[in-house]
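Colleague: what's the 3D shape of this:
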Amino acid sequence: MRAWYGLIGVSVLLLGFATAAAAKKAVDCHAAYDVSSAAGMPEGLSLPQSVTIDGNTVDVTGWCRLSGMRRSRGSLAASRRLRKPFRTCGPLRAGRLSVNFPNGCGLAYLHFTLKKPQADLVINVKGNVPVSTFHTIEQRVLSDGGCAVSTCHGSTRGGNLDLRPGAAFASLVGVAPDNAAARSKGWLRVKPGDVAGSFLSAKLHGTLAADEGSPMPLTGTPLTAKEIALIDAWIAAGAPETAEVPGVPELPPLVYEETPPLPPPANGYQLVLEGPTLQAGEEQEGCLWLPSPTATDVPIAKYEIALNPGTHHFVIWQHSGATPPPVGQWLYNDVACLGSGGNFGQQIAGAPHAPYYLLEQRPGFATLLPGGGWYGMNAHYYNESTAPIQMKVWVNFYPYEGTPEHVVKMLPFDLSASGKINVPVNTQVAVQGRYTNTGTTTMYLMGIGGHMHKRGVRFTAWTSDGTKVLEDFDWAHPAITRFDPPHALPPGDYVDFECLHDNGVTRPIHRDPYGNPSTIVFGTSAEDEMCILTGQFYDD
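Modeller: As a prediction, this is how the structure comes out:
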C-alpha cells in the first residue's frame, strides 16, 4: 500500500465528493418506470404501480405530480439528482422528494424524507429506456475501474489515450495504438467488428508479445471475466457509441458490502467510529468525539484505517476548544468538527475514499499521537448504492519502537488563497498563494501537495528560486512531491503556489441550490472550491 507520510490527513480534508465520475453530464429523462421494490414503507400504505419522469416533472401514479423539480448541488456519481420539498404527495404529508439516477435514465430511485411522521421511504423503479452498451463500459469499467484517473488515462493521457467520460470513444474506436509493434500488425485500439484486431482486447486478456507493452489494468483490481466479455461483445457488434447491443453479458449491480473490521493491534491503540445508517441516495457529514486512548504523547510509526463503503473523506481532529465536546454523540453537519472544538491545523490522521488505507513513516520518523483530551472522528459519506450503509470506520495506531530521530508535523493551514477564489460562469481563473515560514527556526519540508475541489484543473508550486516542484492535474487523487533530502525552508523563505479553476469551459458549470448558473467561490462543498498547499515537515 502506498505510504503518503502524513500528508493524507490534509490532502483529503473536505475532499467531499472525490470521485472520478464527478464530471458526468446531466441527461434529461423522459420515461415511464415500473416500481420494483421499496424500503421504509409506512404501515398500511400500498406501493404506486408506476412513475413517469418528464424532465423536471415527476408523476407518482395515484399519489401526486410534482413539477419544478430542481437539480441539487452536490450530485455525485449519479447522472444527476432532482429534489423538491412538498406539502402533500397523495398519502404522504410534509416532506422532500429526491430522485436519484445511478446510471443514465434506465434506473432510478425515489427517496421521500418525511416530516410527519418522521420517516424515510425509498422506492426503486426501473424504466424501459435503453442505456447504450458503451455508456455502461465507459462508466462501470473505465471510470469506476480507475482507468480514467489522471495518472493513467485521464488528464495526463498515458500512451496518448484518454479514457475519461466523453473522450473515451473518440480515443479508442478506429484509432491506431501508440505501440509500434501493435501498429505494425495493423491493429487498432478498437477495430469495430474485429475482436482479434483490437489492441484493447489483447491488453485486457494479457495476450501480448514482449514488445507490445503490459497487460491492462497495470495496477489495481483486474477486470472480471464478465467485464472483459462485455467489451469483446461490444467490439464484435461493431463498437457502436449510442446503441444498446443485444445479448451482451449483464454486469451485476453495484451492491454494498461491509468492510471487514480491523482486529485491534496487540501493542497499539484502536478507535472506532460508529455513525448513523444512510439510506440509498442519502448524504451526511458529521463528527464523533472520543477520548484520547493514551494519557501521554506516543510516537507513531504507522496507522491503518478500514472504512465502510461510501466515504468521501475521513479525518481525525484534535480538540482545541475551551469547553469539553459532547463525547460519544454523533454531531450531524459538524463539518471538520469545527462546530465542537476542531481546528484545521490539528489533524491527527486521515484516509481517502477507499475501504482500506495504510500509512507508514520513513525509518527514523514518527508522528505523535497526542495524549489526553479528545479526538474528533470526522466522516463524510454519500450512499450511492441501493442498500443502507452504516457510517463506520476502524483506526489502528502502531507505536514507534524506540526514540524517533524526527517528529513529523503538518503544514499549518493557510486559507488566504482560497479566499481569493472568484470564477464567473464560462471562465477559467487562477489564484496565487504563498506559504512563508514565519517562525524562527528552519522548516525541513519532506513533501508537499495541493488541495482543490472538483473544478480544480491544475495545482502548481514553486520554491522561492523559481524551481517548479509540483504540477498536478487530478483534484480527486492529488499528487505529492517528496523531497529527498528534505527541502530547507529557513525563516522568511517561502513556497509559491497557484490553482486554476474552471467554471463551464471544460468542467460543468457551477449552479446554485436552485439550479441557476453561478460564480464559484471558496466553500467546504466539493461543488465550491479551495486552494490549499498541504505538506509535512520537521523542525529539529
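Colleague: Now do the helix or strand Gln536 falls within, average pLDDT.
Modeller: Per DSSP states H and E: Gln536 is located in strand 532-538. Regarding strand 532-538, the rounded mean pLDDT is 90.
Colleague: got a list of contacts for it?
Modeller: 5-7, 10-11, 13, 365, 406-411, 413-415, 417-418, 433, 435, 443-451, 461, 478, 486, 489, 495, 497 (Cβ atoms under 8 Å, 6 or more residues apart in numbering). (Each C-beta comes from the backbone N, C-alpha and C, glycine too.)
Colleague: Distance-wise, check Arg70 relative to Gly504.
Modeller: 19 Å (Cβ to Cβ, to the nearest Å).
Colleague: before we move on, what about His451?
Modeller: From His451 across to Gly504, the span is 22 Å (Cβ to Cβ).
Colleague: and Phe101, bridged to which residues?
Modeller: For Phe101, the beta-bridge partners are Arg80 (DSSP bridges).
Colleague: Quick check: it touching Cys29?
Modeller: Yes. Between Phe101 and Cys29 a contact is recorded at 6.8 Å, counting by Cβ atoms under 8 Å.
Colleague: so what sits against both of those two?
Modeller: Jointly contacting Phe101 and Cys29 under the rule Cβ under 8 Å, 6+ apart are Ala108.
Colleague: residues in contact with Pro265?
Modeller: Pro265 neighbours (Cβ under 8 Å, 6+ apart): 396-398.
Colleague: That one belongs to a strand, doesn't it?
Modeller: No. Membership of Pro265 in a strand is not supported by DSSP: H, G, I helix; E, B strand; the rest coil, which gives coil.
Colleague: Going forward, count from 627.
Modeller: All set: I'll call the first residue 627, so the last point we hit is now Pro891.
Colleague: could you give me the average pLDDT of stretch 967-978?
Modeller: Here stretch 967-978 scores 78 as its mean pLDDT.
Colleague: hey, C-alpha coordinates of that stretch in PDB?
Modeller: Output of stretch 967-978 as PDB, limited to C-alpha atoms (Å, rounded to 0.1, in the frame of the first residue of the first chain):
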ATOM      1  CA  GLY A 967     -13.800  22.300  19.000                       C
ATOM      2  CA  GLY A 968     -11.900  21.000  16.000                       C
ATOM      3  CA  ASN A 969      -9.100  23.000  14.400                       C
ATOM      4  CA  PHE A 970      -7.900  23.000  10.800                       C
ATOM      5  CA  GLY A 971      -4.300  22.900  11.900                       C
ATOM      6  CA  GLN A 972      -4.600  20.000  14.300                       C
ATOM      7  CA  GLN A 973      -5.300  16.800  12.300                       C
ATOM      8  CA  ILE A 974      -4.100  13.500  13.700                       C
ATOM      9  CA  ALA A 975      -4.800  11.100  10.800                       C
ATOM     10  CA  GLY A 976      -7.000  10.600   7.800                       C
ATOM     11  CA  ALA A 977      -7.800   8.500   4.800                       C
ATOM     12  CA  PRO A 978      -9.100   8.900   1.200                       C
END
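Colleague: Can you list the buried residues in it?
Modeller: The neighbour-count check on stretch 967-978 (16 or more other Cβ atoms under 10 Å) flags 967-970, 972-978 as buried.
Colleague: Next: stretch 682-692.
Modeller: For stretch 682-692, by 16+ other Cβ under 10 Å, it's 682, 684-686, 689-690, 692.
Colleague: Those: which two are farthest apart?
Modeller: With distances taken as Cβ to Cβ, the most widely separated pair in the buried residues of stretch 682-692 is Asn682 and Trp689, at 17.5 Å.
Colleague: residue boundaries of the strands in the stretch 677-826 of the chain?
Modeller: Secondary structure of the stretch 677-826 of the chain by DSSP state E, counting those that start in this stretch: the strands cover 683-686, 690-692, 696-697, 706-715, 718-727, 733-740, 745-753.
Colleague: and those as JSON lines, adding distance to Gly1002 and mean pLDDT?
Modeller: Below are these laid out as JSON lines (distance: least, Cβ to Cβ, whole Å; pLDDT from 0 to 100):
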{"stretch": "strand 683-686", "distance to Gly1002": "39", "mean pLDDT": "89"}
{"stretch": "strand 690-692", "distance to Gly1002": "39", "mean pLDDT": "89"}
{"stretch": "strand 696-697", "distance to Gly1002": "32", "mean pLDDT": "76"}
{"stretch": "strand 706-715", "distance to Gly1002": "29", "mean pLDDT": "83"}
{"stretch": "strand 718-727", "distance to Gly1002": "28", "mean pLDDT": "85"}
{"stretch": "strand 733-740", "distance to Gly1002": "27", "mean pLDDT": "81"}
{"stretch": "strand 745-753", "distance to Gly1002": "27", "mean pLDDT": "76"}
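Colleague: looking at the ones you listed, which is buried most?
Modeller: Among the strands of the stretch 677-826 of the chain, strand 733-740 has the highest mean neighbour count (mean count of other Cβ atoms under 10 Å), at a mean of 22.
Colleague: for that one, packing partners?
Modeller: strand 676-680, strand 718-727, strand 745-753 (3 or more Cβ pairs under 8 Å, 6 or more residues apart in numbering; DSSP states H and E).
Colleague: CSV please, covering the ones you listed and showing distance to Gly666.
Modeller: Formatted as CSV, these follow (distance: least, Cβ to Cβ, whole Å):
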stretch, distance to Gly666
strand 676-680, 17
strand 718-727, 12
strand 745-753, 5
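Colleague: just so I know, which of these lies nearest Trp956?
Modeller: strand 745-753 (16.5 Å).
Colleague: Partner strands of that closest one, with direction?
Modeller: Its sheet considered, strand 745-753 pairs with strand 656-665 (antiparallel), strand 733-740 (antiparallel) by DSSP bridges.
Colleague: before we move on, the earlier item: would you tell me which of the strands of the stretch 677-826 of the chain gets closest to Glu669?
Modeller: Glu669 sits nearest to strand 745-753 of all the strands of the stretch 677-826 of the chain, at 10.3 Å, using Cβ to Cβ.
Colleague: Now do the closest one against strand 676-680, angle only.
Modeller: 80 degrees (axes from the mean of the first three to the mean of the last three Cα atoms, to 10 degrees).
Colleague: Give me the distance between strand 745-753 and the centre of its chain.
Modeller: Strand 745-753 sits 25 Å away from the centroid of its parent chain (Cα atoms, centre = their mean, to the nearest Å).
Colleague: Only C-alpha atoms, please: export that strand in CSV.
Modeller: The C-alpha coordinates for strand 745-753 follow below in CSV (Å, rounded to 0.1, in the frame of the first residue of the first chain):
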residue,chain,number,x,y,z
ALA,A,745,-39.6,8.6,8.2
ASP,A,746,-37.6,7.6,5.1
LEU,A,747,-39.2,5.9,2.2
VAL,A,748,-37.1,4.6,-0.7
ILE,A,749,-38.8,3.4,-3.9
ASN,A,750,-36.8,1.6,-6.5
VAL,A,751,-38.0,2.0,-10.1
LYS,A,752,-36.8,0.6,-13.4
GLY,A,753,-37.6,2.1,-16.8
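Colleague: about what we covered before: most neighbours, which of the contacts of Pro891?
Modeller: Per-residue neighbour counts (other Cβ atoms under 10 Å) across these peak at Phe1023, which has 22 neighbours.
Colleague: need the contact list for that residue.
Modeller: 891, 894-897, 919, 924, 926, 929, 975, 995.
Colleague: Give me the buried subset of those residues.
Modeller: 894-895, 897, 924, 926, 929, 975, 995.
Colleague: which of these has the weakest pLDDT?
Modeller: Confidence by pLDDT is poorest for Ala975 among those, given 86.
Colleague: pretty sure it is in contact with Lys928, am I right?
Modeller: No. Contact criterion Cβ under 8 Å: Ala975 and Lys928 do not qualify, at 10.4 Å.
Colleague: Sweet, I'm off.
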